[in-house]
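[1] Give me coordinates for this.
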Amino acid sequence: MAEILKTYKVNKYFTEPEKFHVIKDIDLSISAGDFVTIVGKSGCGKSTLLYLLSTLDTDYEGKIEINNTVVTGLSQNDLAKFRNENIGFIFQFHFLLPEFSALENVMMPALKRGKFSPEEIEYHAMERLKQVQMQDFALKPSGKLSGGQQQRVAVARAMINDPKVIMADEPTGNLDSVNTGLVFDIFKEMSVKGNTIIAVTHDNDFASKSDRIIEMKDGVIVR
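    Numbers count the residues shown, from 1 in each chain. Modelled structure (predicted):
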């Protein structure tokens, strides 16, 4: 498989309350279709690394290349456009708009991209909700859904633009075992179809079933 993501000597420093070297000389290569989990103790730098890879954090040294595009140094507008077309991000806390329906939340990234008509986007959004078994709740305000239901809607939202890469920060951290299994199965299905999954997790069972485990300690990759 071709490489979808590469990093070259990536370093990250925190400056408050004092300078701290949190990510140290990370060289990483991930192939298209890989299902990768990043593990390690709290504070090891795994979520920080994920935010750098996702281009949500641009304050670093080194170079990051995604889908044959060097994203390092791009303007915020160009990065926003690139993310919307290439990266789906799932936060540990879903960040849905509570007053909007599940369907409307899923549609938003596609409406912003503007590639398809609203009618086509609504159809694709419903298909994504079916994937996460949330089609029966499509018209319900997301604020009225349970935590597990909200996270499944967030997964559907991340998939709406059919991104090359799905990145997830503790996507099952607030889910029970049933919903955790469902999210894993969705990720596995997507990776088989050629999407790349990169997930930070504390869940050893979840990680053990992924294609590749990257273990971090003190800002470096140790395995």
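[2] And stretch 103-111, what's buried?
    Going by neighbour count (16 or more other Cβ atoms under 10 Å), the buried part of stretch 103-111 is 103, 104, 105, 106, 107, 108, 109, 110. Every C-beta, even on glycine, is put in place using the N, C-alpha and C of the backbone.
[3] And for stretch 118-135?
    Quick answer for stretch 118-135 (16+ other Cβ under 10 Å): 121, 122, 124, 125, 126, 128, 129, 131, 132, 134, 135.
[4] what do you get for stretch 37-51?
    Those would be 37, 38, 39, 40, 44, 45, 46, 47, 48, 49, 50, 51, for stretch 37-51 by 16+ other Cβ under 10 Å.
[5] quick one: the residue lying closest to the fourth one once chain neighbours are set aside and residue 15, what's the gap?
    Of all residues not flanking residue 40 in the chain, residue 216 sits nearest, at 3.8 Å (Cβ to Cβ, 6 or more residues apart in numbering). Separation of residue 216 from residue 15 (Cβ to Cβ, to the nearest Å) stands at 21 Å.
[6] out of the two, which sits in the more crowded spot?
    Using other Cβ atoms under 10 Å as the criterion, residue 216 and residue 15 rank with residue 216 on top: 23 against 8.
[7] separation between the residue at minimal distance from the centre of the chain and residue 110?
    Residue closest to the average C-alpha location in the chain (Cα atoms, centre = their mean): residue 167, at 2.0 Å. In this view, residue 167 and residue 110 are 18 Å apart by Cβ to Cβ.
[8] Could you tell me the average pLDDT over stretch 174-187, please?
    Taken as a whole, stretch 174-187 carries a mean pLDDT of 84.
[9] picking up where we left off before, identify the neighbouring strands of whatever helix or strand the residue nearest to the centre of the chain lives in in the sheet and state each direction.
    For residue 167, the host element (DSSP states H and E) is strand 165-169. Sheet pairing for strand 165-169, assigned by DSSP bridges, gives strand 87-90 (parallel), strand 196-200 (parallel).
[10] Alright, I will stop here.
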